[in-house]
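Chemist: no FASTA, just this:
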């Protein structure tokens, strides 16, 4: 399967591809980040992209896979909505009013990391979750 096609294949297929050695986590994450870089100016879907950190995590995922670790999402790139706590960042909920940095990851982020997922960024949401659409008033 071509790498671009794999980006649309879903987390389970991507995890299988990394586990089987069909693709490295590094290549998979790099492809996702490249796609974000190309289309983000038009979509404005991400509040933050963790490119450097994600690539470092992908390299660690490849090392873990080579060492025999078999986690369900090892090396799979995942984006997290901005209403979910990520350690060290404010949980903005679509607004620029939030300033308090979170002391720890939320349970879901912690479980994703424990499963081997690579958090590649934080996606936007409607301000405070008030609207039935995903356009944010805080567009970059």
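Modeler: Noted; the coordinates are in hand. The model shown is predicted, which means the values in this text are computed figures rather than measured ones.
Chemist: and after the longest helix belonging to the chain, which helix or strand comes next?
Modeler: If you go by DSSP state H, the chain has its longest helix at helix 25-43. Under the assignment DSSP states H and E, the closest C-terminal helix or strand after helix 25-43 is strand 46-49.
Chemist: low-confidence stretches in the chain?
Modeler: 129, 132-140 (pLDDT under 70).
Chemist: all helices for it, in order.
Modeler: 3-7, 11-20, 25-43, 51-66, 107-114.
Chemist: helices or strands up against the first one?
Modeler: Helices and strands touching helix 3-7, as assessed by 3 or more CB pairs under 8 Å, 6 or more residues apart in numbering; DSSP states H and E, comprise helix 11-20, helix 25-43. Heads up, the C-betas are built off the backbone N, CA and C, glycines and all.
Chemist: can you check the fourth one too?
Modeler: Using 3+ CB pairs under 8 Å, 6+ apart as the contact criterion, the neighbours of helix 51-66 among helices and strands are helix 11-20, helix 25-43, strand 118-123.
Chemist: for residue 102, which residues are in contact?
Modeler: Residues near residue 102 by CB atoms under 8 Å, 6 or more residues apart in numbering: 85-91.
Chemist: any of those residues buried? List them.
Modeler: Buried subset of those (neighbour count, 16 or more other CB atoms under 10 Å): 85-86, 89-91.
Chemist: list just the nearest of those to residue 98.
Modeler: Residue 98 lies nearest to residue 90 out of the buried ones among the contacts of residue 102, by CB to CB, at 4.2 Å.
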